[in-house]
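>>> please work out how this folds:
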Amino acid sequence: MIKKILLLLIISFTTQANTLLQQRWQFKDAHKDIVNGKSLSIAVSSYPIAHYLRYFYLKLHLTETIAIQQFLTEYKDSPIANPLRQSWLRHLAKKKDWQTFISAYTPQKNTILQCYFLKALLKTQNNLDGFTKQAIDLWLVGKSQAKECNPIFKYLYAHQLITTEMRWQRIRLAMGKGNIKIARFIANGLSDSDRETVTLWYLMHQNPAKILKKSKTPAFILRDGIKRLARKNVKKAYKYWKKYKIQFSSQENAELWYDIALRSVTQNHPQAAQWLDAVSENLVDNQVKQAKLQVALSQKNWEKVKKLTYSQDTIQWQYWHARALEQMQEPKKAEKLFQKVSKNRDYYGFLSADRLGIPYQFPSSPLEFNKTTQKTLLQKYAGLVRARELYFIGQAALARLEWQFVLPKLNTEELKIAASLAHKWGWHDRAIISLAAAKYWDELEIRFPAPFYDIVHTHAHEKQLDAAYVYAIMRQESGYQSDIRSSTGALGLMQLMPATAKQLARKQKISLRKLNLIIPNINVNLGTAYLKKLLKRFNNNHILATAAYNAGPTRVKRWLKKYGCHEQDIWIELIPFSQTRKYVKHVLSYTPILEFMMVKHQQVTPMRLDVIKTGKCSH
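As a prediction, this is how the structure comes out:
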């Protein structure tokens, strides 16, 4: 049984611990003791994150109700209050202590906790005002909810609180997200004719070309079918749109045409340019503008490129306008515009410099804050101090939690100071994020550092890779956050998928566990091995290898087949995935910037715009 003395645990350090360094070591020792279940003495500490030891202790002792309540009251404004509360609520739900759960509950974003709260209300027959609305809001989504919500939904069904209209609302949401199984389950409570309609809709999802032949289909299913068919066969989709458009409103037709026109570009339809021009003016967005540019470039229609980019309202448009002028034998106008664009420190600026044969420009305006200014910010926002201490003792996730809790409170100047502090501490991912929040792009030392120097250079040298190129991939993939995990499961500095990493590790005879992937040396070793593998696969072409690192080699091979052998800048602009297109531009332009930051002179290697060759052509 845990000693009573630990219920009000307040950890501190010996009087000899009068430096931050000593306090950090004692904190780490105390944390280890907590993890190992050892008793700790009570005292008061001045260390900024001393209360985190109480937090760690309480997370491991969720039965300590009084101590948890006291902590949540005392630190109600702390970013760790809600994580502790969530753990406690899950514990109370598991123990079916519904009365305490209700008293401990505060509004949560977590769906399971929301459902537990409603279940607690039902179990205790507490105040049910607003219960139905909250329950319906949880039910009325386009996906399957967690099993913990089932008792709430059973209550709704049993009390006939789900109407036919609500069922149709959820079916539409589910079909829109492609969750057909949910839609068909919800349809079980509908009439026979309505269930037949849902079945028809399901079949439309499975085979739109077949079901669109049936004229006696509801208009909303026809629209969905045409939209889905356009993904694979825009020619047939256009045919069915012409057949059924009379059944749709003018707005619905405009939206369908928007989809058809955009799909026509990726499918190389011969009328893509005309179809894009026919998109309703109020629906012309950046995606349509990009698609128009792509079609004109793929057709080498420089007159159209010139017309499209006439406004020159972005650096991208200025570059392509200059390219059009160059191709249309207006060299002086083209050179003047290239000169203007080349002053920018970005992809199009570097492309323009390449056209002119001049060195790249690296305009920079370093931030300079004295220690007094930095100290003043730390005194104003204690959360930044806590973030620093947590970062230094290896609690990176909690450190980020504290940092991000403070960030929205900072004005532009304070964001810059915070970025300079994070950089000074070697906390590069927060420095980059904070500077981006300030929209300040000209502090190159903070935005483009070279951390993990020995690791990167060692593995780049072993694989005969340019270290600046490896850094550019790393900068774009993770922003130098070593423990980052993407929504798709990619891990670490170079964002490796576990399956890919496992294959690479096997070849290098490395024993790999999943968590090892966040270790910088292992991650960069395997990441550079994968990058080298892609370069070898694509004949040392950095454009193709970079695109493949982001979108996968299979897609890149498909794009090669589709787009043939355009000039490099055109091929990159034709990449159909906006994310990959942006990714390639960033990596290619970050590489010379990072080299510049390492060598400190402008004579850097130009962007790796390797000639793209296929079996159809050669240069």
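>>> packing partners of the one helix or strand Q476 maps to?
In the assignment (DSSP states H and E), Q476 maps to helix 467-478. Here helix 467-478 touches helix 453-462, helix 520-537, helix 542-551, helix 578-599, going by 3 or more C-beta pairs under 8 Å, 6 or more residues apart in numbering; DSSP states H and E. Quick note: C-beta positions are derived from backbone N, CA and C, even for glycine.
>>> and with 6 Å instead?
Applying 3 or more C-beta pairs under 6 Å, 6 or more residues apart in numbering; DSSP states H and E, one finds that helix 467-478 contacts helix 453-462, helix 578-599.
>>> can you put those helices in JSON lines and add mean pLDDT?
Putting the helices and strands packed on helix 467-478 into JSON lines (pLDDT from 0 to 100) gives the following:
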{"stretch": "helix 453-462", "mean pLDDT": "98"}
{"stretch": "helix 578-599", "mean pLDDT": "98"}
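>>> return the most buried member of the ones you listed.
The highest mean neighbour count among those, using mean count of other C-beta atoms under 10 Å, belongs to helix 578-599: a mean of 20.
>>> okay, that one in CSV with CA atoms only?
C-alpha atoms of helix 578-599 as CSV (Å, rounded to 0.1, in the frame of the first residue of the first chain):
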residue,chain,number,x,y,z
SER,A,578,0.1,19.5,-55.3
GLN,A,579,1.8,18.2,-52.1
THR,A,580,4.6,16.4,-54.1
ARG,A,581,5.0,19.4,-56.4
LYS,A,582,5.5,21.7,-53.5
TYR,A,583,7.8,19.1,-51.8
VAL,A,584,10.1,18.8,-54.8
LYS,A,585,10.3,22.6,-55.2
HIS,A,586,11.2,23.0,-51.5
VAL,A,587,13.8,20.3,-51.4
LEU,A,588,15.5,21.4,-54.6
SER,A,589,15.7,25.1,-53.4
TYR,A,590,16.5,24.2,-49.8
THR,A,591,19.6,22.3,-50.9
PRO,A,592,21.6,25.4,-52.1
ILE,A,593,20.4,27.4,-49.1
LEU,A,594,21.7,24.8,-46.7
GLU,A,595,25.0,24.5,-48.6
PHE,A,596,25.3,28.3,-48.4
MET,A,597,24.7,28.2,-44.7
MET,A,598,27.5,25.6,-44.3
VAL,A,599,30.1,27.1,-46.6
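>>> so which elements touch it?
The contact analysis (3+ C-beta pairs under 6 Å, 6+ apart) places helix 578-599 against helix 347-356, helix 467-478, helix 542-551.
>>> quick one, what contacts L517?
491-492, 496, 501, 523 (C-beta atoms under 6 Å, 6 or more residues apart in numbering).
>>> other residues contacting the helix holding Q476?
456-457, 460, 484, 493-495, 528, 586-587, 590-591, 594-595.
>>> what average pLDDT does that helix get?
Averaging pLDDT along helix 467-478 yields 98.
>>> what about F452, how many residues nearby?
A count of nearby residues for F452, using other C-beta atoms under 10 Å, gives 21.
>>> wait, it touches P520, no?
Yes. Under the criterion of C-beta atoms under 6 Å, F452 makes contact with P520 at 5.1 Å.
>>> dump the contacts of helix 467-478 into TSV; add distance to Q134 as well.
Output for the contacts of helix 467-478, formatted as TSV (distance: C-beta to C-beta, whole Å):
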residue	distance to Q134
V456	51
H457	56
A460	54
I484	34
L493	42
M494	43
Q495	38
T528	51
H586	43
V587	46
Y590	47
T591	52
L594	51
E595	56
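>>> pick out whichever of those sits closest to R263.
Nearest to R263 among the contacts of helix 467-478 is H586, at 26.5 Å by C-beta to C-beta.
>>> how about the closest one: what's its closest non-neighbour residue?
Using C-beta to C-beta, 6 or more residues apart in numbering and skipping the chain neighbours, the partner closest in space to H586 is Q476 (5.1 Å).
>>> distance of that neighbour from Y469?
Relative to Y469, Q476 is positioned 11 Å away (criterion: C-beta to C-beta, to the nearest Å).
>>> on that earlier part again, nearest to T605, of the helices and strands packed on helix 578-599?
Among those, helix 467-478 comes nearest to T605, with 7.6 Å by C-beta to C-beta.
>>> quick one: the helix or strand following that closest one to helix 520-537, angle?
Once the chain leaves helix 467-478, the next helix or strand it forms, by DSSP H and E, is helix 498-507. On the basis of axes from the mean of the first three to the mean of the last three C-alpha atoms, to 10 degrees, helix 498-507 is oriented at 90 degrees to helix 520-537.
>>> which residues are in contact with helix 498-507?
By C-beta under 6 Å, 6+ apart, helix 498-507 touches 512, 514, 517, 526, 529-530.
>>> among the residues you listed, which two are most distant?
Every pair of those checked by C-beta to C-beta; the farthest is K514 and A529, at 17.5 Å.
>>> looking at these two, which is more packed in?
Taking neighbours as other C-beta under 10 Å, K514 and A529 compare with A529 leading, 23 against 11.
>>> next one: the more buried one from A548, what distance?
A529 is 14 Å from A548, by C-beta to C-beta.
>>> and if you look at R537?
Distance from R537 to A548, by C-beta to C-beta: 7 Å.
>>> the two: which has the busier surroundings?
A548 (25 against 15).
>>> name all residues that make contact with the more buried one.
534, 556.
>>> hmm, 10 Å instead?
A548 makes contact with 530-531, 533-535, 537-538, 541, 554-557, 559, 580, 584, according to C-beta atoms under 10 Å, 6 or more residues apart in numbering.
>>> test my guess that L122 contacts A158.
No. Between L122 and A158 there is no contact under C-beta atoms under 10 Å: 11.1 Å.
>>> neighbour count winner among these two?
Under the neighbour definition other C-beta under 10 Å, L122 and A158 were set side by side, and L122 has more, 16 against 8.
>>> nearest spatial neighbour of that one, skipping sequence neighbours?
Closest to L122 by C-beta to C-beta, 6+ apart is Y155, at 6.4 Å.
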